[in-house]
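*Asks:* Turn this into a model:
(4 chains)
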Number of protein chains: 2
Amino acid sequence: MAASHRPSMAEVAQLAKVSHQTVSRVINGFPGVRPQTRERVEQAIRETGYRRNHAARTLVTNKSGLIGVVTSGSALFGPVNTLVGIEEAARLHNYSTLLTTLREGSKAEFDAVVGQLLDRGVEAIVTIAAHEELVHYAGATSIGVPLIVVGPSRTEVSDLSTMSVNQEHGMRLAVQHIASLHHKQILLLSGPHHWIDAQQRLRAATDECTKLAVSFETIEGDWSPECGYSIATNLLSRTDKPRPTAILSANDAMALGALAAFRDGGWSVPEDISVMGFDDLPESGYFQPPLTTVHQDFRTLGGRVVAALVAQIQDAPADPTPVDPTLVIRRSTASPGA
Amino acid sequence: MAASHRPSMAEVAQLAKVSHQTVSRVINGFPGVRPQTRERVEQAIRETGYRRNHAARTLVTNKSGLIGVVTSGSALFGPVNTLVGIEEAARLHNYSTLLTTLREGSKAEFDAVVGQLLDRGVEAIVTIAAHEELVHYAGATSIGVPLIVVGPSRTEVSDLSTMSVNQEHGMRLAVQHIASLHHKQILLLSGPHHWIDAQQRLRAATDECTKLAVSFETIEGDWSPECGYSIATNLLSRTDKPRPTAILSANDAMALGALAAFRDGGWSVPEDISVMGFDDLPESGYFQPPLTTVHQDFRTLGGRVVAALVAQIQDAPADPTPVDPTLVIRRSTASPGA
DNA sequence: GTCGCAAATGTTAGCGATAACATCACCCTG
DNA sequence: CAGGGTGATGTTATCGCTAACATTTGCGAC
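*Replies:* Presented below is the predicted three-dimensional model:
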């Protein structure tokens, strides 16, 4: 076996004593090849170690079989798991996944990255971990292939195809849980306002609070435990306003920070204050105390995204079944004063 | 702007009144194009909205500019961050990253995935999150492009290019820290034995224990907090053997599980037992108590991997500077009986 | 046996780029 | 002003494949 030479179809054809076209037919599973011929070709393929050349194929069919993913460089739980879900589903549909990460998140960087994907002939693009600006970039850039933004809810930006876990539902679940525990005054610890997910989660939470007559205040965090810690620490020493009896954090990491802060400040959770997260990290059940949170199935979401994309590529209607989060009640929440 | 038509070089050339070759020269930044011509071509590119067709380019140059990554489907901290590091570095070197995930980890699946990458003409392949079998698959499969396995140390499998964080060094650091606290009897909570990283971490730990006259026992876990929890729970009720005064876990997640188990069992950490992790998750500083661990910079590792690959592709020698982990001392470790 | 149709296979053109070579224009030199 | 670079540009072949059409083969019917 010659080391570095990649055999072409022609070579296989020669060995099998057929034309290259017949080889092509065998490879692509076309009907109308005599079994005996097919066998001969397959044998030749094995002998030569032939591999199809996807570039040549792409050139002539004008289909790359590539899906481009734009994700934030952060290794956050949601985005990463969505990515994995996308890759798996893509492979199932015979697509390959081209991955790009965003470092700064500027429009220039976004355009560069999308351009790179376009040069490669991707048939569709998914943007994960959407900052709000990204959505506008995506809306502004006319790119000529289907693009789905994972994050904003369908109504948020017209004219842009979007998908997400039904975060609104998740947040309502969370607020309802807290309300059912008879908390009347809660703190909503939101994510950065330029993250679509953060906006969505916050809006749903405030909505539901209003509906259930729970009064709330809002502080914006940055998703990190550090920030949850410092915000909770401030709370400990606060005297000016009535103190909330529960914190509803927009993700588990910040909730963890809050847990640590209360512990360091001598408060018990959930006796002195309830803490609730959002995401359900694999670790969250082992926090101290185990964190009540909302479970989101990002992998399934990834699969749905690909299904939608494939449908769009093939001009078929997509299945719009939402991915519903579920409530996971653990020990970090209880009734106030209980 | 016609919606779905992708302009070719020929069209740009026609508009700019030059030959397609000149357009090619402009695009690839060749010298020897008159500034005025260049300007005309660039104008035409803008007007037509031309994008290079990478498939055609790949076909003729026989260089895809693609790096394939094979990773485990799990969203574990190390692999994910390595992946991000790889993508960033790849882009810096003008490569794109093709991502594939492994669901089951069989040789058949590995071969299928690698085959898919090869069809796409990847110039190199990186395997992250290596199970031991993967290494053997990788060794067995002659693929014709450089392949780097991230995980096993250089000496482990001859004839296979490998890279990793210097885990051995990290583990020695960990054991030294524990020894310096005067622990004499420790429990090594290792990862699954078929994971290369687990093997390496374990071997280094046992080595160093022996060297420092610390006696140890070993239990194999599966990286999950669940498993750390149950193993630690067993420890609580153990009477047959001398109980260890410290646990050294091969990752932070299992250490977290152990923390939870001890808490539930009424033991204090680090007063009753010390617990130490490995990885330094973003959350680890907020565990209860904050976890002493070993910090690993997987992103940098990813960058190094790409650098090595690019060097190999271009037949240049690689820079073998290892990525050294660092000790992060927090509050989960103390001297026994202190 | 030969006609004819369908199944199986072969032939040709071209996808959009780069490489290699050919040409042209221009300027400097002697 | 002829000769010869040199710099700028154009021409042609080619990469490996698939689409479309052309041809051959096999076989049953008359």
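
*Asks:* Please tell me how far the residue minimising distance to the centre of chain A sits from A:Val165.
*Replies:* Nearest to the mean C-alpha position of chain A, by Cα atoms, centre = their mean, lies A:Thr82 at 3.2 Å. Per Cβ to Cβ, to the nearest Å, A:Thr82 is found 9 Å from A:Val165. All C-beta spots, glycine's among them, are computed from the backbone N, C-alpha and C.

*Asks:* tally of neighbours for the closest residue to DNA strand D within the stretch 101-250 of chain A?
*Replies:* Of the residues in the stretch 101-250 of chain A, the one nearest DNA strand D is A:Gly121, at a distance of 13.3 Å by Cβ to the nearest atom of the strand. A:Gly121 has 23 neighbours, counted by other Cβ atoms under 10 Å in any protein chain shown.

*Asks:* quick one: it and A:Leu59 touch, right?
*Replies:* No: using Cβ atoms under 8 Å, A:Gly121 is not in contact with A:Leu59, being 9.2 Å away.

*Asks:* helices or strands next to the host helix or strand of A:Tyr137 in the packing?
*Replies:* According to DSSP states H and E, A:Tyr137 maps onto helix A:132-140. On a contact count with 3 or more Cβ pairs under 8 Å, 6 or more residues apart in numbering or on different chains; DSSP states H and E, helix A:132-140 meets helix A:107-119, strand A:124-127, strand A:147-150, helix A:196-211.

*Asks:* Reformat these as JSON lines; add mean pLDDT, distance to B:Thr71 and mean neighbour count.
*Replies:* Below are those laid out as JSON lines (pLDDT from 0 to 100; distance: least, Cβ to Cβ, whole Å; neighbours: other Cβ atoms under 10 Å in any protein chain shown):
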{"stretch": "helix A:107-119", "mean pLDDT": "93", "distance to B:Thr71": "20", "mean neighbour count": "17"}
{"stretch": "strand A:124-127", "mean pLDDT": "94", "distance to B:Thr71": "18", "mean neighbour count": "26"}
{"stretch": "strand A:147-150", "mean pLDDT": "89", "distance to B:Thr71": "20", "mean neighbour count": "25"}
{"stretch": "helix A:196-211", "mean pLDDT": "92", "distance to B:Thr71": "24", "mean neighbour count": "21"}
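
*Asks:* nearest residue to the residue of the stretch 151-300 of chain A found nearest DNA strand C other than its sequence neighbours?
*Replies:* When distances are taken as Cβ to the nearest atom of the strand, the stretch 151-300 of chain A reaches nearest to DNA strand C at A:Ser161, 26.1 Å away. With sequence-adjacent residues excluded and distances taken as Cβ to Cβ, 6 or more residues apart in numbering or on different chains, A:Ser161 is closest to A:Ile148, at 4.9 Å.

*Asks:* Surely the one you found is in contact with A:Ala130?
*Replies:* No: using Cβ under 8 Å, A:Ile148 makes no contact with A:Ala130, being 10.3 Å away.

*Asks:* What are the phi and psi values at the closest residue to chain B within the stretch 101-250 of chain A?
*Replies:* At 4.3 Å from chain B, A:Pro225 is the closest residue in the stretch 101-250 of chain A, using Cβ to the nearest Cβ. With angles defined as degrees, to the nearest 10, A:Pro225 sits at phi -60, psi -40.

*Asks:* same thing with A:Thr101?
*Replies:* phi -120, psi 150.

*Asks:* how far away is it from B:Leu92?
*Replies:* Following Cβ to Cβ, the distance that separates A:Thr101 from B:Leu92 is 11 Å.

*Asks:* of the two, who's got more company?
*Replies:* Between A:Thr101 and B:Leu92, counted using other Cβ under 10 Å, the more crowded position is A:Thr101 (25 against 12).
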